[in-house]
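Engineer: Generate coordinates for the sequence data below:
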Amino acid sequence: MKVLVTGAAGFVGFHAAKALLNQSHSVFALDNMNDYYPVSLKKARLAQLEQHARFSFEAIDLANAHAVSTFVHRVQPDCVLHLAAQAGVRYSIDNPGAYVQSNLSGFVNLIEACAHVDGLHHFLYASSSSVYGANTAIPFQTADMTDYPISLYAATKKANELIAHAYSHLYEMPVTGMRFFTVYGPWGRPDMAYYKFADAIMNRRPIKIYNNGNMRRDFTYVDDVVEAITRLIPMPPKSSLMEHSNGEFLSNARSRVINIGNNRPVELMRFIEVLEESLGRRAICEYLPMQPGDVPETYACIDDLNSLTGYRPSIAIEEGIERFAEWYLSYHEELAERIA
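Structural biologist: Next up is the predicted model:
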């Protein structure tokens, strides 16, 4: 199968592309290679993928509609795995334009091009647990109201879900939105809290702990996320809202959203404790109030994922953080040697 993977030099994109290659699929990848975090890390990920004969890559910005259309028309993918996006809740407050360009314009450019691919089997895209906003009903279920985002990042992800539904309705595209819950692991993003914590701990700097540490997260190890993705790929939705409500026809879209989380929230302070143990060094903690756009708890209901695929994530933080710490120490040791 020919799979188009966007954001292949990114964290989840890299791991997903590697898994697809190992399953004998052909991966046609693109990424804009922006400098939101060090490009050297993205290049290191790509270097691994480029060892596979069935991998090809082009540096393309999704905001460039012509380049995207040309690429999609040439590849004619059987499946699209759209993981490229401008990430980060807090950064969306400082640089909203980047989110409009990548997460809105870029999303439309890609799905518009893919809508005209004959025989497209499945279009999967990354959404986020952030769409649940400040919802206090836990665990978060895909049927929950998501009309009140509390960050621009969350609003763009909710917009992606609505746009995908519209395109599915118009062009009979099978689309699946994947609401990821705090993905972590080796080759992760340096802007994420656990990676920042590791940097601060190893360099004896204070780590910033928001809401005075009173937070819980549904930390999900990247291998579990990728396993869920690869199981969903051959399972396009057949229908969603083919029904009438109060005499009005709602939709004939082949569209759905799925939570991909660990289903086991962990106290933030416990997560830090495991990270300390794995790195062999104590953290210096700086306690701060809640950040704008943040939420105190995330917790995924994954019954839909389990019903569809028979899969439930299984990697606990003790194992996942140990794997991350081993990679982190090795990668940064090699990086220090290269700089020296």
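Engineer: Show me the helices in the stretch 201-340 of the chain, by range?
Structural biologist: For the stretch 201-340 of the chain, the helices defined by DSSP state H, counting those that start in this stretch cover 222-232, 268-279, 303-309, 317-339.
Engineer: residues of the third one that come out buried?
Structural biologist: Same thing as helix 303-309. L305, L308, T309 (16 or more other Cβ atoms under 10 Å). C-beta coordinates here come from the backbone N, C-alpha and C atoms, glycine included.
Engineer: number of nearby residues for the closest residue to the second one other than its chain neighbours?
Structural biologist: Leaving aside its chain neighbours, L308 sits nearest to M235 (5.9 Å; criterion: Cβ to Cβ, 6 or more residues apart in numbering). One way to gauge burial is a neighbour count; for M235, by other Cβ atoms under 10 Å, it gives 15.
Engineer: In contact with M235, which residues are there?
Structural biologist: By Cβ atoms under 8 Å, 6 or more residues apart in numbering, M235 lies in contact with H122, L308, T309.
Engineer: picking that back up, of the helices of the stretch 201-340 of the chain, which is nearest Q48?
Structural biologist: Nearest to Q48, of all those, is helix 317-339, at 12.0 Å by Cβ to Cβ.
Engineer: between the contacts of M235, which is closest to A59?
Structural biologist: Checking those against A59 by Cβ to Cβ gives H122 as the nearest, at 25.1 Å.
Engineer: For the closest one, which non-adjacent residue is closest in space?
Structural biologist: Counting by Cβ to Cβ, 6+ apart, the residue nearest H122 is P236, at 4.2 Å.
Engineer: Remind me what the helix or strand I111 falls within packs against, helices and strands.
Structural biologist: Secondary structure from DSSP states H and E places I111 in helix 107-114. On a contact count with 3 or more Cβ pairs under 8 Å, 6 or more residues apart in numbering; DSSP states H and E, helix 107-114 meets helix 65-75, strand 79-82, strand 122-128, helix 152-171.
Engineer: For Q51, which of the helices of the stretch 201-340 of the chain is the nearest?
Structural biologist: Nearest of the helices of the stretch 201-340 of the chain (Cβ to Cβ): helix 317-339, 17.3 Å.
Engineer: and that closest one, average pLDDT?
Structural biologist: For helix 317-339, mean pLDDT rounds to 86.
Engineer: cool, stretch 95-109 as well?
Structural biologist: Throughout stretch 95-109, pLDDT has a mean value of 93.
Engineer: Need the contact partners of it.
Structural biologist: With Cβ under 8 Å, 6+ apart as the test, stretch 95-109 has contacts from 32, 36, 61-65, 68-69, 82, 84-86, 91-92, 125, 152-153, 156-157, 159-160, 163.
Engineer: Out of the helices of the stretch 201-340 of the chain, which is the most enclosed?
Structural biologist: Each of those was scored by mean neighbour count; the highest is helix 222-232, a mean of 21, by mean count of other Cβ atoms under 10 Å.
Engineer: just checking, what packs against that one?
Structural biologist: Contacts defined by 3+ Cβ pairs under 8 Å, 6+ apart place helix 222-232 against helix 11-22, strand 174-180, strand 183-184, strand 254-260, helix 303-309.
Engineer: Which of these sits closest to Y331?
Structural biologist: Across the helices and strands packed on helix 222-232, Y331 has its closest neighbour in helix 11-22 (13.1 Å, Cβ to Cβ).
Engineer: ok and that closest one relative to strand 122-128, angle-wise?
Structural biologist: For helix 11-22 against strand 122-128, the angle by axes from the mean of the first three to the mean of the last three Cα atoms, to 10 degrees is 150 degrees.
Engineer: Now do helix 11-22, average pLDDT.
Structural biologist: Per-residue scores along helix 11-22 average to 98.
Engineer: Any idea how far it is from the middle of the chain?
Structural biologist: Chain-centre distance of helix 11-22: 12 Å, with Cα atoms, centre = their mean, to the nearest Å.
Engineer: same deal with stretch 210-224?
Structural biologist: Computed by Cα atoms, centre = their mean, the chain-centroid distance of stretch 210-224 equals 15 Å.
Engineer: And for stretch 314-330?
Structural biologist: Centroid separation for stretch 314-330 versus its chain: 19 Å, with Cα atoms, centre = their mean.
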